[in-house]
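Visitor: sequence and predicted structure are below.
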Amino acid sequence: MLLRHTTKDIKERKSLTINPAKTCQPVGAMYAALGIHGCLPHSHGSQGCCSYHRSALTRHYKEPIMAATSSFTEGSSVFGGQSNLIQAIDNIFTIYEPEVIAVHSTCLSETIGDDLTQIVEKARDGGKIPEGKHVIFCNTPSYIGSHVTGYSNMVSGMVKLLSKSTGVTNDKINLISGWVEPSDMREVKRMANLMGANFTLFPDTSDVVDAPQTGSYEMYPKGGTTIPDLIASGDNKATLAFGKWATEDAAIKLENKCKVPFEATELPIGVRATDRFIMELSKLAEVGIPEAITAERGRLVDMITDMQQYLHGKRVALFGDPDQLIPLVEFLLDMNMKPVYIVSGTPGKKMHKRLEELLLPTVPEAKFQNGKGADMYLLHQWIKNEGVDLLIGNSYGKYIARDENIPFLRMGFPILDRVGHSYFPTLGYMGGLRILEKILDLIMDKQDLESSEPEFELVM
Amino acid sequence: MLLRHTTKDIKERKSLTINPAKTCQPVGAMYAALGIHGCLPHSHGSQGCCSYHRSALTRHYKEPIMAATSSFTEGSSVFGGQSNLIQAIDNIFTIYEPEVIAVHSTCLSETIGDDLTQIVEKARDGGKIPEGKHVIFCNTPSYIGSHVTGYSNMVSGMVKLLSKSTGVTNDKINLISGWVEPSDMREVKRMANLMGANFTLFPDTSDVVDAPQTGSYEMYPKGGTTIPDLIASGDNKATLAFGKWATEDAAIKLENKCKVPFEATELPIGVRATDRFIMELSKLAEVGIPEAITAERGRLVDMITDMQQYLHGKRVALFGDPDQLIPLVEFLLDMNMKPVYIVSGTPGKKMHKRLEELLLPTVPEAKFQNGKGADMYLLHQWIKNEGVDLLIGNSYGKYIARDENIPFLRMGFPILDRVGHSYFPTLGYMGGLRILEKILDLIMDKQDLESSEPEFELVM
Amino acid sequence: MSTDNKTNMFPDSSDLIEEILNKYPSKVAKKRAKSLVTNDPEIDQEIQSNIRTIPGIITQRGCCYAGCKGVILGPTRDIINIVHGPIGCSFYAWLTRRNQTDAGPDGENYMNYCFSTDMQDTNIVFGGEKKLEEAIREAYEIFKPHSIGVFSTCPIGLIGDDVHAVSRKMKEELDINIFGFSCEGYKGVSQSAGHHIANNGIFKHVVGLNNTDPGGKFKLNLLGEYNIGGDSFVLEKYFEEMGITLVSTFSGNSTMSQFENAHMADLNAVMCHRSINYIAEMLEKKHGIPWIKINFIGADATAKSLRKIAKYFEDEELMAKTEEIIAREMLEVQATIEDVKSRTEGKLCMMYVGGSRAHHYQELFGEIGMRTISAGYEFGHRDDYEGRKVLDSIKIDADSRNIEELDIVKDEANWRDDLVAKKTSLEDKGYGFSEYEGMMPDMEKNSLVIDDISHWETEKLIEYYKPDIIGAGIKEKYVIQKYGVPLKQLHSYDYGGPYAGFKGAVNFYNDIDKMVNTKIWGLIPPPWKNEPELVAKMADTAY
Amino acid sequence: MSTDNKTNMFPDSSDLIEEILNKYPSKVAKKRAKSLVTNDPEIDQEIQSNIRTIPGIITQRGCCYAGCKGVILGPTRDIINIVHGPIGCSFYAWLTRRNQTDAGPDGENYMNYCFSTDMQDTNIVFGGEKKLEEAIREAYEIFKPHSIGVFSTCPIGLIGDDVHAVSRKMKEELDINIFGFSCEGYKGVSQSAGHHIANNGIFKHVVGLNNTDPGGKFKLNLLGEYNIGGDSFVLEKYFEEMGITLVSTFSGNSTMSQFENAHMADLNAVMCHRSINYIAEMLEKKHGIPWIKINFIGADATAKSLRKIAKYFEDEELMAKTEEIIAREMLEVQATIEDVKSRTEGKLCMMYVGGSRAHHYQELFGEIGMRTISAGYEFGHRDDYEGRKVLDSIKIDADSRNIEELDIVKDEANWRDDLVAKKTSLEDKGYGFSEYEGMMPDMEKNSLVIDDISHWETEKLIEYYKPDIIGAGIKEKYVIQKYGVPLKQLHSYDYGGPYAGFKGAVNFYNDIDKMVNTKIWGLIPPPWKNEPELVAKMADTAY
């Protein structure tokens, strides 16, 4: 057994987290920043943060993930990181020539109280920010929230530091993307284009962290939301923020700052969350829903009706982030599966409430917890007490899956041991088909493997 | 063991086929016919053929597959099936109201020598074919070729009986599709549209055998090549036939009949076959190759370079149809995998020659055979003699895969025990990514399952 | 559908029948009219069945070969079945029926293999007997089987290859049992012809080859049970527990040696009347073994059938054991019904399948309160609908006449006078033998009985009755589900099951509950369906 | 790159260095200039290393915590390592290094777990010592481990939580070994600081706790071998075969009890000089155990190292056994080289990794005829480049001064006079102890040595040298591969390996052969790249 010290016996823990179902803010801020064209993320802290976050994102995407660091030493930690950051800004613009530097703080710089606004102002005053170039920033103390919070903070930072209202409204809407894969962002664009919507998507990591192999390295690949589009977001007629944990704050800030009205919806995962997304998009962008979208929906529903006997009543354990978990739970319920255990390290009472709303009517036995105490060790203990037919989560789930012989669907962040997530979406109806295909493959593979010889089936 | 009587000891067989790697012509003709809008395929033979073919296609697509039959009895077998077919044509147009009936023969009607041309002529003369409606047909004797031949014959039937030349050339090309999934046909259209090509694709089963669940059944779904487009194919400026076994004959017939010049290429599976397809398309349609296509190519190559350590040197056994196998073998070789055993029940010396060309330089040890004697029993015996790391083929491969503990990639026809093939393409660069993702999943799943605890990896 | 609220009675369906027939050309309408009957269980009604399907009509039916090779011979594991013909016939019958078999770790099992002579055009021109001979020889040399069956397909019949002569010759040469079936696809009007031909062949070439007493106090043949999804396994356990020796099953989980020994049984219990009553009749005629109709689909039916078998043997201990099993198993049955019924009661089903299942499954649906509004067979005969009482009045048409009727002679050496006496004595006590009342008497008034239903009729029925579930086969499944109506495959069970016996009934209740109550049917209409301002029609070639 | 055709000599790289430096702001250029050295193995050259990375420069380096928790303590399986801080530090070090361990079926193994106090903002404000205490108590109650390590992260250092005091208190309370590390990320200039802190902690709190004789004739500690991809497993087998008792490994496949016993060894063999020479030095200073530098990366290096170890023990049988192993293993090595070399000879590699690997792997590449055109360390010190002879001349700067230097006193009770004598006697015979010549003397003339390489420099080097392969880490891998140049991960081995010992060398030859000769690099340019008339620029938002 890989996790051989995990037992059924659940003891209350107040202070010790074991096998967390979250990580810290800056990695989210770094990922969000990659969704701006020509952006170099910058980690204001010690080197290790930047190195760890780059490594995590690199392993997840198997793509270059570039970011700079303020390389704090003990001295900077005592005297403050201002000179490190100003020096860094100067060096970055000189050597790496980005359009924009996106600075996020760390627990180190937060604890010593570095004031990013003031430091960046000082850099600007000191001529370290070339004409036409930008430095945006956000506070991402690692001891608050989770990686999702960091993503949200960087997206809000884009709005706070770039969006402007000229007073003239565009016939365009903002699509603010939650933390999803580049494939998902590409898929959202495909759907929105199919509907004829006029939009700016931000952040947009497609064509950034899924760049083609061309034989030459581009430090700033062609993807990412452009600075002019980000600035103009303040003039757009409405905002649709999808993935509330990661985007609602930015949408609110944009409304406050530039009077752009918004709707915040859940990530379009599965049938009904995608329905809501499509309908909001249709309303806000004032476009119709074409037959092609309806047909994709119909194909997803079709596969569910065709394969329901393999899905019905299957017990599922999930861990990950609220924005993914909530619509995924709804999707599983719609397929008559039973999401019985759900944990997320990301705090927030709203998640508990929403899950309650979804689960109580049909799966009242479900256990779910987020924030404090909600870690993968607890999830594993629940599973030890009563097993499940499927586990869904990031690559760390593979230890539980192997120990307990549970089919394991990799979804979430990070996925360190498989590829495909960056190329094939799980959002939208087509994404739902992919999720469903994967679930069915797992369930059917297990049946094929474990059925007795008389029960082995050619046709399924 | 499921195939417990299969041993290493290979005895020459001249007359007995065991576990065939092909089936008979009519099922291919039926599938091709479904790629015409408003078409009801008709099987001119005894009921069993039609029932078996509908069942096979239904299981593969999990979709309604409609077709009628001449319902031969012993009497018709003795006296000829003319009256059955004429009666059937009358009934079909009256009751099921298709735009076109696509008749294919069977070994039964072929053996008794029914002359379809003459029978259909008689039906027309007798007023059984309503104004504006069509009956097309082809000869598909089950004792010649294979299901692939049947597909080819029905596609040729479309050309022979529908294509017309008015003398005025259109600025359009014909894309004649080999036997691929509706998802693949959709993908070819997506690529061609992305390139700005003006084209008619036929046959086109997308939106026919992957119809959405809408709560109401449409006997003739919206997909399929329309009759006017098929007729106009004779006026188009060129033809690109992809999948030579299934389409070259039709392309030749179209050239002979209507002077439409053609290129026949392999199915665009993997990097280089897709390259050739794209370049032919670009030349014939006189359109450029946009960056988006180049980027998709680059993403496929990227994933191969990223994951080569899991692919290099892996031994692969394949069975299926020439049109799929040839480019797939090339794709595997390009990834430095070793396609060591290949069988196809479909006859034709060209396959052997092409495989020799591909395999001799780098995998001289490869064994391959097609046509006579090339069945799955032989393939299994080869595997018994020296194992492989991956098996690729239709659902029947699962018996070998389980007995020999080989990761098994379902590709080809029929796939009876999994879903997804009709929704996600394996053609084009994106299709290549899907194939590669699936291969990697299989290889890595096996590693995860079989590695010792110390060797178990989080990051791969 | 609107049932009469007061009586809860099904509506008279004459308007529906009229609408259906209106679409047909008049000759077709005239013919089909006789196969659509508004049921009245109180009276005798004739239904036209086992006649040719009209060309061009989209039918569920398959062919004679399918019935012979696929249904009857398919589930027997230790025979190599070589299909003589082009590749397709063998290919399509390869593992596509869910006959399970348990060969143990080392037993002979060829069911996962597909054997064919793969006839080529030159063989068709010059004849294929040599090729068949050679194929049999090759099969023998590679596998050394004890039996080989040879199946003739359409073109083989036409070119005149004699599979029987070749089989005899090779039987001589190889000294194993080899025999052929003239089951060309064009024979008869449906799979049913194939059942008959298969039964004849097995009876002629196999049954009676082994006179060894199989042992045991109570010796039973189970006929017409094909072990779909493990049904036979469930029943085998009951018999074992009851101390009954199951001499043979025709043909679920069977071996050739069971068939060779089948004439040593004391009783034949017939499950699928349509496909196998031939064997029962011939065993009685030749050996004096009586047969009874039983049914293990449905918990009550299972209880009744077990009791009937036990009663036949007139053994107190056996009867007590039977009651013990029934009582024990009914606990789970009743608990499940209690749970499920609240969600299934009053729902409507329809069934168009096989030659018995459309009848048997009505009971099972009934146990969870579901009513059968319409049913019919794919390849049934009038006796399957109306009961064996009409047997004598069935006209033999040209298609049936082509199927050989074996001339069975009493086997004096193996004749069971004891059983003949037992039969008479039991009959005197009111025990029924050789009885089958058919489906129609068991169906409600005004339910619609349809033989060899066509696609067009299916469409109209769905529109009219709006059933909650339909039982049929794979070809119908996705058509019907596109209407938002779940279809339960009653050939393959949608890869569920077993559904036989008590255990099977419990499985079925639960599976049906899932199917009719799954949420997904409610998700079919997109939420913008009724918001026309949101729906755009766009050219969408680019996606 | 153009080498001189006649001499096959690397080009002088001054134009490259100039181009690199030109891009930098002048202060940066000045500083970086001292870390780029065109090598001349004939002369002594100073290279600037182990100094701060310039803010804003994209570096490979990580932090002190990574070196302490990740590298040194990571591979030890029976200690619960609680990271005191916000969640990220513990999360990122969770299973991301490929330290394999073999705990057997029942052994204690916490390496697959991640423990953290998950500090929240209120804890940062009000202090986290209580939380840490409680976390230790909870860990003890759930797992009952024998040891707990506590790691302080950046904010912990700043708010002043005393992990050592808490550890002492809890050690008292729970009566197991508990100790802390002040390895905040901002300490030092790279992971190297963390190695030092980890070494100090282990030496202070663990080494020497157990004086039991581990038994055996030849007792060895293997230092600086971390069992990446199973490297240690390969070496353990050689030692076992040689009859050598491996008292402890620092720290591949290790347990705490090995460390407790480490002072009972007769010899310390140091693999990764950078990360672990501290322990070797302290063991000699405190217990009189001598150390030698060995290297198991490369077949020749392995042979040399095994011989050196054997020679130390001055035992004929051991030396004979050693030669036997070498001879046996070299068969496969030589056969593989023969096969691979024809495809790899003359190809160029570069390496920027670690504190030893960039040196060790040059030998391995050399064995298949590949030449190292440029190399450098991520966190090396001058002695790793120039040899231990420069140790005394290294200036201690502010960043190094912050790392505690333990004051080691001779342990009279456990002092090995015998080994001191042995050392002297062997030294007299020319046997070298405590020696490390560094990387630069082993590199070719004109090869370019770069410390703490930056992304900008990497780009320029690729353009200039067009290497056939680069060895570095995950952050560099895909950047470099986008240039069409394969990158071999020398931290994780691209999840291949083992690469140590003879077996490992064979693995490496084959893996490198695959990487540099795979066809896929040739497929990168699309065939229409050079047919501009085919290339269209189109708006492609719709796909």
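Guide: Perfect, I can see it now.

Visitor: whichever residue of chain A sits closest to chain C: neighbour count?
Guide: The nearest approach of chain A to chain C comes at A:Gly288, 2.4 Å away (C-beta to the nearest C-beta). All C-beta atoms are positioned from the backbone trio N, CA, C, and that covers glycine. The tally of other residues near A:Gly288 (other C-beta atoms under 10 Å in any protein chain shown) stands at 18.

Visitor: which pLDDT does the model give it?
Guide: Note on A:Gly288: pLDDT of 96.

Visitor: roughly how far apart are it and chain B?
Guide: 18 Å (C-beta to the nearest C-beta, to the nearest Å).

Visitor: over to that residue: give its phi and psi.
Guide: Phi and psi for A:Gly288, reported as degrees, to the nearest 10, are phi -80, psi 170.

Visitor: and if you look at C:Met351?
Guide: Dihedral pair for C:Met351: phi -150, psi 130, per degrees, to the nearest 10.

Visitor: can you check A:Lys367 too?
Guide: Backbone dihedrals for A:Lys367, given as degrees, to the nearest 10, come out at phi -110, psi 130.

Visitor: that one touches A:Ile383, doesn't it?
Guide: No. The pair A:Lys367 and A:Ile383 fails to qualify as a contact (C-beta atoms under 8 Å) at a distance of 10.3 Å.

Visitor: overlap in contacts of these two?
Guide: Listed contacts common to A:Lys367 and A:Ile383 are A:Tyr341; contacts here mean C-beta atoms under 8 Å, 6 or more residues apart in numbering or on different chains.

Visitor: higher neighbour count, those two?
Guide: The residue with more neighbours, out of A:Lys367 and A:Ile383, is A:Ile383; 22 against 15, by other C-beta under 10 Å.

Visitor: for the helix or strand harbouring the more buried one, buried residues please.
Guide: Assigned by DSSP states H and E, A:Ile383 belongs to helix A:376-385. Residues A:376-384 are the ones in helix A:376-385 that count as buried (16 or more other C-beta atoms under 10 Å in any protein chain shown).

Visitor: distance between whatever helix or strand comes next after it and the chain's centre?
Guide: For helix A:376-385, the following helix or strand on the C-terminal side (DSSP H and E) is strand A:390-393. Strand A:390-393 sits 17 Å away from the centroid of its parent chain (C-alpha atoms, centre = their mean, to the nearest Å).

Visitor: how about stretch C:356-366?
Guide: On the basis of C-alpha atoms, centre = their mean, stretch C:356-366 sits 12 Å off its chain's mean C-alpha point.

Visitor: let me see the contact set for residue 245.
Guide: In the absence of a named chain, chain A is used. Each residue near A:Trp245 by C-beta under 8 Å, 6+ apart is listed here: A:148-149, A:152, A:178, A:321-323, A:346, A:348, A:351.

Visitor: I was after chain C.
Guide: By C-beta under 8 Å, 6+ apart, the neighbours of C:Thr245 are C:214-220, C:239.

Visitor: close to chain B: what parts of the stretch 401-543 of chain C are there?
Guide: C:402, C:455-456, C:459, C:473-475, C:477-484, C:524-525, C:541-543 (C-beta under 8 Å from any C-beta of the partner chain).

Visitor: just give the nearest non-adjacent residue to A:Gly412, would you?
Guide: Leaving out its chain neighbours, the residue that sits closest to A:Gly412 by C-beta to C-beta, 6 or more residues apart in numbering or on different chains is A:Gly320, at 3.7 Å.

Visitor: for C:Phe508, same thing?
Guide: In space, C:Phe508 comes closest to C:Tyr499 once its chain neighbours are excluded; the distance is 4.6 Å by C-beta to C-beta, 6+ apart.

Visitor: in this structure the one you found contacts C:Asp231, no?
Guide: Yes. Here C:Tyr499 reaches C:Asp231: they are 6.4 Å apart, a contact under C-beta under 8 Å.

Visitor: which of the buried residues of helix A:376-385 sits closest to chain D?
Guide: Nearest member of the buried residues of helix A:376-385 to chain D, counting by C-beta to the nearest C-beta, is A:Tyr377, at 7.7 Å.

Visitor: what residues are up against the closest residue to the closest one other than its chain neighbours?
Guide: Among residues not flanking A:Tyr377 along the chain, A:Ile18 sits closest, at 3.7 Å (C-beta to C-beta, 6+ apart). Neighbour list for A:Ile18: A:375-377, D:113-115 [criterion: C-beta under 8 Å, 6+ apart].

Visitor: so what sits opposite A:Ile18 in the bridge?
Guide: Counting by DSSP bridges, A:Ile18 is bridged to D:Phe115.

Visitor: state the distance from it to A:Met376.
Guide: Distance, A:Ile18 to A:Met376, by C-beta to C-beta, to the nearest Å: 8 Å.

Visitor: again, but for A:Glu386
Guide: Shown here: A:Glu386 relative to A:Met376, a distance of 17 Å by C-beta to C-beta.

Visitor: so where's the stretch 101-250 of chain C uncertain?
Guide: The model of the stretch 101-250 of chain C has no residue with pLDDT under 70.

Visitor: how many residues are close by whichever residue of it sits closest to chain D?
Guide: At 28.6 Å from chain D, C:Pro105 is the closest residue in the stretch 101-250 of chain C, using C-beta to the nearest C-beta. When neighbours are counted by other C-beta under 10 Å, C:Pro105 registers 7.

Visitor: what sits against it?
Guide: Counting by C-beta under 8 Å, 6+ apart, C:Pro105 touches no other residue.

Visitor: before we move on, what SS does it have?
Guide: Classification of C:Pro105 by DSSP: H, G, I helix; E, B strand; the rest coil places it in coil.

Visitor: phi, psi of it?
Guide: The phi and psi values for C:Pro105, taken as degrees, to the nearest 10, are phi -70, psi -30.

Visitor: what's the answer for C:Ile469, then?
Guide: phi -160, psi 150.

Visitor: thinking again about what came up before, ok, which pair from the contacts of C:Thr245 is furthest apart?
Guide: Using C-beta to C-beta, the pair of the contacts of C:Thr245 lying farthest apart is C:Gly215 and C:Phe239, separated by 13.7 Å.

Visitor: okay, these two: which has more neighbours?
Guide: For the pair C:Gly215 and C:Phe239, the greater number of neighbours falls to C:Phe239 (19 against 9), based on other C-beta under 10 Å.

Visitor: appreciated, that's everything.
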